[in-house]
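Novice: No sequence on hand, only this structure:
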């Protein structure tokens, strides 16, 4: 009996030792499926939350100067990139993001830069209809695509033929003093989508052509040299929404850069709503913010001469959102003829009062209304002549 118990105990010990030797499997690194560009259910992957347009400076002096390119929190991604262009989506390189990929035969492309304006494809103007309408039988979508054109096998297919793809690679130098900071990549406009990789790692995907695509790349970058690579398609499933009157152009437009932020204490979004009160004489300013890290925020409103005309301060302890409001008596109004602008400063501090970041925003006080079928700006009737203007 004692022998049986001893054998059982030894067996249990062996099982425990064996279990102790089992190593946890390494987490599988996320990669794209490469179907995102024609999947109607996927608009973005790992995209930084959409926000209003602002830049957070390191101090008040830099914020008032208003030149983000001179800020210590800014790193340009603009200039010459290694560039590869193919006429059809199934010809694109698929391992372009790897460090050992040979791009020596590639051309160069400026960022920002439109392909069709640099010899890659032709600009297409479409009033009504899609850019690939010529692929339809009788130019009728409901009759399907002509057999000579390749399309994806989706319920709402996206062209493969004539779907140009541009691929970019560049090595950038990240400052040493960015170590420990949050780093976000900003692409002002990429048509029609973007697959972004940093140092061989998949950073994210987005497909809003005229909305900035941003990605938190903190865990992928390091001080010193970093490989940034991305790929963009002329058309994706989002292009089905572009049945509009404008030139169809592809590539990268608007500013592209990296920005650094304090990862623990910050304002992640700010929304400013100005209004006019008391017969359009006084101005009211409502400020809504999304915050992180229990900040203290001093709000200052400056006139065109940088004189403080209004201020408010708030402690956002244990809060993720909050607001501030103040009134400016006898405010100078914004009109098309006299576009007077104030400057709002959001001075973000830690609990000890140290400045973490400063966000400037231009503010114009106006009130737009419709009364008795008449459009009014600051109480004055405005007549509109013309239709629209598209970028």
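Specialist: Ah, there it is. What you see is a predicted model, and the numbers here were worked out from it, not measured in a lab.
Novice: just the strands in the stretch 51-200 of the chain please.
Specialist: Listed in chain order, the strands of the stretch 51-200 of the chain (DSSP state E, counting those that start in this stretch) span 74-76, 79-86, 107-111, 113-114, 124-126, 165-174, 182-191, 194-198.
Novice: With respect to residue 258, which of those lies nearest?
Specialist: Residue 258 lies closest, by C-beta to C-beta, to one member of the strands of the stretch 51-200 of the chain: strand 74-76, at 4.3 Å. For every residue, glycine as well, the C-beta is placed using N, CA and C.
Novice: how far is that closest one from where the chain is centred?
Specialist: 15 Å (C-alpha atoms, centre = their mean, to the nearest Å).
Novice: What helices and strands are in contact with it?
Specialist: Packed against strand 74-76, as judged by 3 or more C-beta pairs under 8 Å, 6 or more residues apart in numbering; DSSP states H and E, are the following elements: strand 251-261.
Novice: Between strand 182-191 and the helix or strand following the strand it packs on, find me the angle.
Specialist: Once the chain leaves strand 251-261, the next helix or strand it forms, by DSSP states H and E, is strand 266-277. On the basis of axes from the mean of the first three to the mean of the last three C-alpha atoms, to 10 degrees, strand 266-277 is oriented at 60 degrees to strand 182-191.
Novice: Quick check: next helix or strand after strand 266-277?
Specialist: Downstream of strand 266-277, the next assigned helix or strand under DSSP H and E is strand 282-292.
Novice: Please name every helix or strand in contact with that next one.
Specialist: Looks like strand 282-292 contacts strand 266-277, strand 296-302, strand 321-328, strand 342-349 (3+ C-beta pairs under 8 Å, 6+ apart).
Novice: hmm, who's touching it?
Specialist: 51, 264-277, 297, 299, 301, 310, 312, 316, 319-331, 333, 344, 346, 363, 365 (C-beta atoms under 8 Å, 6 or more residues apart in numbering).
Novice: Quick check: residue 350 vs residue 264, distance?
Specialist: Using C-beta to C-beta, to the nearest Å, residue 350 is found at 8 Å from residue 264.
Novice: Overlap in contacts, these two.
Specialist: Taking C-beta under 8 Å, 6+ apart as the criterion, residue 350 and residue 264 both touch residue 293.
Novice: Where does pLDDT dip in the protein?
Specialist: Low-confidence segments of the chain (pLDDT under 70): 1-26, 387-391.
Novice: what's the nearest residue to residue 47 if we skip its chain neighbours?
Specialist: The shortest distance from residue 47 to any residue other than its chain neighbours is 5.0 Å, reached at residue 206 (C-beta to C-beta, 6 or more residues apart in numbering).
Novice: nope, residue 84 is what I meant
Specialist: Using C-beta to C-beta, 6+ apart, the closest residue to residue 84 is residue 167 (4.4 Å).
Novice: is it true that the one you found touches residue 231?
Specialist: Yes. Counting by C-beta atoms under 8 Å, residue 167 touches residue 231, with 4.7 Å between them.
Novice: okay, and the common contacts of these two?
Specialist: Common contacts of residue 167 and residue 231 (C-beta under 8 Å, 6+ apart): 92, 96.
Novice: quick one: contacts for the residue nearest to residue 42 when sequence neighbours are not counted?
Specialist: Closest residue to residue 42 in three dimensions, ignoring its sequence neighbours and counting by C-beta to C-beta, 6+ apart: residue 36, at 4.7 Å. Contact partners of residue 36, counting by C-beta under 8 Å, 6+ apart, are 42, 45, 193, 195, 205, 207, 236.
Novice: swap in residue 88?
Specialist: Residues near residue 88 by C-beta under 8 Å, 6+ apart: 150, 160, 161, 162, 163, 164, 165.
Novice: Who wins on neighbours among the residues you listed?
Specialist: Ranked by the number of neighbours (other C-beta atoms under 10 Å), the contacts of residue 88 place residue 163 first, at 29 neighbours.
Novice: Quick check: the gap between it and residue 171.
Specialist: In terms of C-beta to C-beta, residue 163 sits 28 Å off from residue 171.
Novice: what's the answer for residue 359, then?
Specialist: Counting by C-beta to C-beta, the gap from residue 359 to residue 171 is 31 Å.
Novice: Can you pick out the residue with more neighbours from the two?
Specialist: The residue with more neighbours, out of residue 359 and residue 171, is residue 359; 20 against 13, by other C-beta under 10 Å.
Novice: Can you verify my assumption that that one contacts residue 53?
Specialist: No. When contacts are counted by C-beta under 8 Å, residue 359 is not listed as touching residue 53 (11.0 Å).
Novice: what about residue 191, how many neighbours?
Specialist: Residue 191: 26 neighbours (other C-beta under 10 Å).
Novice: beta partners for it?
Specialist: In this entry, residue 191 is beta-bridged to residue 251, by DSSP bridges.
Novice: show me the contacts for it.
Specialist: Contacts of residue 191 (C-beta under 8 Å, 6+ apart): 209, 210, 232, 234, 249, 250, 251, 253.
Novice: Which among those count as buried?
Specialist: 209, 232, 234, 249, 250, 251, 253 (16 or more other C-beta atoms under 10 Å).
Novice: Need those residues in a markdown table (columns: distance to residue 94).
Specialist: Shown next, in a markdown table, are the buried ones among the contacts of residue 191 (distance: C-beta to C-beta, whole Å):
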| residue | distance to residue 94 |
| --- | --- |
| 209 | 23 |
| 232 | 14 |
| 234 | 17 |
| 249 | 25 |
| 250 | 20 |
| 251 | 20 |
| 253 | 25 |
